[in-house]
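**Q** build me a structure from this.
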Amino acid sequence: MRFCSPLHLNSHELEGADFLESWGKFHECVQGRENAEEIYQEFAFGLWRLWKNRNEVVFSVLHRQPLEVVDLWRKNINEFRATSASVEVDDWAKEAGSSKAAARPALHWQRPKYGTIKINTDAAWCKKTHCAGVGWVGLDFAEVLQAAGGSGTELCHSTAAAEAIAIRTALAVCINHGFNHVFVESDAKLIIQMLRKEMSADFSLDYVLGDIEILARKLTSVTFAFVPGESNHAAHLVAKYVFKEGREFIWDCVGPAFLFNALAKDVNLMIHL
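**A** So this is what the prediction gives:
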């Protein structure tokens, strides 16, 4: 990998106690170079390709030769750059052709602060059966999935109740996973306003909102924020999935393909499984 990759970095110089320390050493080696951004891309895609290769060995018993892994690495980088260039051209054309499009901001997932886990929640509710599926997705500051899941066995009287239950479920999982600093986002604006004390709570939701307040006290810090549905896509898909399956799911770090693709879209990453 040292001689075949486009990076030509000595891996021994990048060894660290954890990923952040190794990344810091890599950043020190690269910063200031004229093509630093390209090297950052190549390094990130290299890590991603090694992770993909590891999964193929573990789950599919597929062993690739090092040169084949490097070729796939280069192919992924070239596809990413070609797609990025195409998107830039398309965005420029749209901006030049439509003042409305230029004035409308792009909506996508925003990363939290270092040490904070951002939890996005959503719910799918059936008025006829009163059954609901609640989903949540937790990512860290590096946009890496830390945990995700949901329950498709909830019973409640309204969409608002289902949205609140989704937040309650997510906070309970955060406590179990040791996520002490949490930033909760939901596209249920009224529920967020109630939790932030910006409006009076609906008495029919007191039992859920009360549980949320109790759970929030067990964490070091919790922030509740409203987010448009366009930026809550991954949680929405999880809620629909668990509702359809009718049971509980929890994924740690490695989620299903549909979730990976949704998260990639939310963080503007042009890689899909």
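**Q** need the longest strand for this protein.
**A** Secondary structure of the chain per DSSP state E: the longest strand is strand 145-155.
**Q** tell me which helix or strand comes right after it.
**A** helix 159-177 (DSSP states H and E).
**Q** for that next one, packing partners?
**A** strand 117-125, strand 131-139, strand 145-155, strand 181-186, helix 189-195, helix 206-217 (3 or more C-beta pairs under 8 Å, 6 or more residues apart in numbering; DSSP states H and E). For the C-beta atoms, the positions are set from N, CA and C on the backbone; glycine is no exception.
**Q** how about a markdown table for these, with mean pLDDT and mean neighbour count added?
**A** Listed next are those as a markdown table, based on pLDDT from 0 to 100; neighbours: other C-beta atoms under 10 Å:
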| stretch | mean pLDDT | mean neighbour count |
| --- | --- | --- |
| strand 117-125 | 94 | 26 |
| strand 131-139 | 93 | 27 |
| strand 145-155 | 90 | 21 |
| strand 181-186 | 96 | 22 |
| helix 189-195 | 95 | 20 |
| helix 206-217 | 94 | 16 |
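**Q** can you say which of the ones you listed is nearest to Asp71?
**A** strand 145-155 (27.2 Å; C-beta to C-beta).
**Q** between helix 159-177 and the closest one, find me the angle.
**A** Angle, strand 145-155 to helix 159-177, by axes from the mean of the first three to the mean of the last three C-alpha atoms, to 10 degrees: 130 degrees.
**Q** got the contact list for strand 145-155?
**A** Applying C-beta atoms under 8 Å, 6 or more residues apart in numbering, the contact partners of strand 145-155 are 117, 130-140, 162, 165-166, 169, 173, 177, 179, 234, 238-239, 241-255, 259-260, 263.
**Q** now do that strand: distance to the chain's middle.
**A** 14 Å (C-alpha atoms, centre = their mean, to the nearest Å).
**Q** within the sheet, what are the partner strands of that strand, with directions?
**A** Using DSSP bridges, the strands paired with strand 145-155 in its sheet are strand 131-139 (antiparallel), strand 248-251 (antiparallel).
**Q** and the angle for that strand with strand 117-125?
**A** In terms of direction (the same axes, to 10 degrees), strand 145-155 departs from strand 117-125 by 30 degrees.
**Q** not counting sequence-adjacent ones, nearest residue to Thr218?
**A** Just to correct that, residue 218 is Lys rather than Thr. Spatial nearest neighbour of Lys218, chain neighbours left out: Ile175 (5.4 Å); criterion: C-beta to C-beta, 6 or more residues apart in numbering.
**Q** wait, the one you found touches Thr220, no?
**A** No - at 10.9 Å, Ile175 does not count as touching Thr220 under the criterion of C-beta atoms under 8 Å.
**Q** which of these two has more residues huddled nearby?
**A** Ile175 (14 against 10; other C-beta atoms under 10 Å).
**Q** how about that one, what does it touch?
**A** With contact taken as C-beta under 8 Å, 6+ apart, Ile175 is in contact with Leu215, Lys218, Leu219.
**Q** how about the last one, what does it touch?
**A** When you say that, I think you mean Leu219. Leu219 neighbours (C-beta under 8 Å, 6+ apart): Leu171, Cys174, Ile175, Phe179, Asn180, His181, Val182.
**Q** and which of the residues you listed is nearest Val69?
**A** For those, with Val69 as the reference and C-beta to C-beta as the criterion, the closest is Phe179, at 33.7 Å.
**Q** pretty sure the closest one is in a helix, no?
**A** No - counting by DSSP: H, G, I helix; E, B strand; the rest coil, Phe179 is located in no helix; its state is coil.
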